[in-house]
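Trainee: Sequence and predicted model, in that order:
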Amino acid sequence: MKHSKVRQHIIETASNLFYRNGYNLTGINEIIREAGIAKATLYNHFASKEDICLAYLQYKNEVFRNDIKDFVNEANNGEHRLYALFEFLNKFFDQKDFNGCWCLNTVAELPHGNERIRNEIQTQKESFIQFIKELVENNRNQNSDLENDRLAKKIYLLYESAIAESKLHQNKWPIETGLSLCKSLVA
């Protein structure tokens, strides 16, 4: 395999393991075994487990961003594009391997001092808030940058709590409630 294909294979293998089992419960040897590669091959691409974790977070975020943008753009203009965030989350919940938010799962396992991974997660979440803000500006503009930002952050918090609580309860009611609260905010 070409260098970039091997690297991508390692990332996808580690992503599946980290998402399913957690960062702390997934060892380097398990990644090597599941990927069907030699230890030297893994270390040729990644200097540490932390580097693999960063690649995992970036990979999951890229897939998520592309998928949610495509999904939201299929919704009718206006408030329906904001509601589509929760409809997307509903479909995400229906996947057989749903295990909540990869970022929240990972940050929950981090020791307090791990700033590299924490910074990556914060960057991803800030990017998601910005995406929601753009949706607000284009579909339910509050005629004030400050108010657009406030509404985007409220919707973000509803979304994040819906994903966390749907994982905890293994039920869709948090998503449905988040959508209902979003409709109240936007109406």
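Mentor: On my side now, so go ahead. Residues are numbered from 1 along each chain as shown.

Trainee: can we go C-alpha only for contacts and neighbour counts from here?
Mentor: Fine.

Trainee: Not counting sequence-adjacent ones, nearest residue to residue 173?
Mentor: Of all residues beyond its chain neighbours, the one nearest residue 173 is residue 166 (7.1 Å), with distances taken as Cα to Cα, 6 or more residues apart in numbering.

Trainee: For that neighbour, give me its contacts.
Mentor: Residues in contact with residue 166, defined by Cα atoms under 8 Å, 6 or more residues apart in numbering, are 93, 100, 172-175.

Trainee: repeat that for 7 Å
Mentor: Taking Cα atoms under 7 Å, 6 or more residues apart in numbering, we find residue 166 in contact with 172, 174-175.

Trainee: Please identify the helix or strand for it.
Mentor: helix 145-169 (DSSP states H and E).

Trainee: Run the chain-centre distance for that helix.
Mentor: Distance of helix 145-169 from the chain centroid (Cα atoms, centre = their mean, to the nearest Å) equals 13 Å.

Trainee: ok, now stretch 67-75?
Mentor: Using Cα atoms, centre = their mean, the offset of stretch 67-75 from its chain centre is 15 Å.

Trainee: rewinding a little: roughly how far does the residue nearest to residue 173 sit from residue 68?
Mentor: Using Cα to Cα, to the nearest Å, we find residue 166 at a distance of 18 Å from residue 68.

Trainee: re the thing from before, any chance of the contacts of residue 166 in CSV, plus secondary structure?
Mentor: Converted to CSV, the contacts of residue 166 look like this (DSSP: H, G, I helix; E, B strand; the rest coil):
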residue, secondary structure
172, coil
174, helix
175, helix
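
Trainee: one step back: in the helix holding residue 166, what's buried?
Mentor: For helix 145-169, a neighbour-count test (16 or more other Cα atoms under 10 Å) marks 148-149, 151-156, 158-160, 162-167 as buried.

Trainee: now stretch 122-131
Mentor: Neighbour counts using 16+ other Cα under 10 Å place 124-125, 128-131 of stretch 122-131 among the buried residues.

Trainee: Which members of those residues are positioned in helices?
Mentor: Among the buried residues of stretch 122-131, DSSP state H puts 124-125, 128-131 in helices.

Trainee: where along this protein do the helices fall?
Mentor: Secondary structure of the chain (DSSP H): helices at 3-21, 28-35, 39-45, 49-74, 79-94, 102-109, 115-139, 145-169, 173-186.

Trainee: Give me the mean pLDDT for the fourth one.
Mentor: This means helix 49-74. The pLDDT scores in helix 49-74 average 97.

Trainee: Against which helices or strands is that helix packed?
Mentor: helix 3-21, helix 79-94 (3 or more Cα pairs under 7 Å, 6 or more residues apart in numbering; DSSP states H and E).
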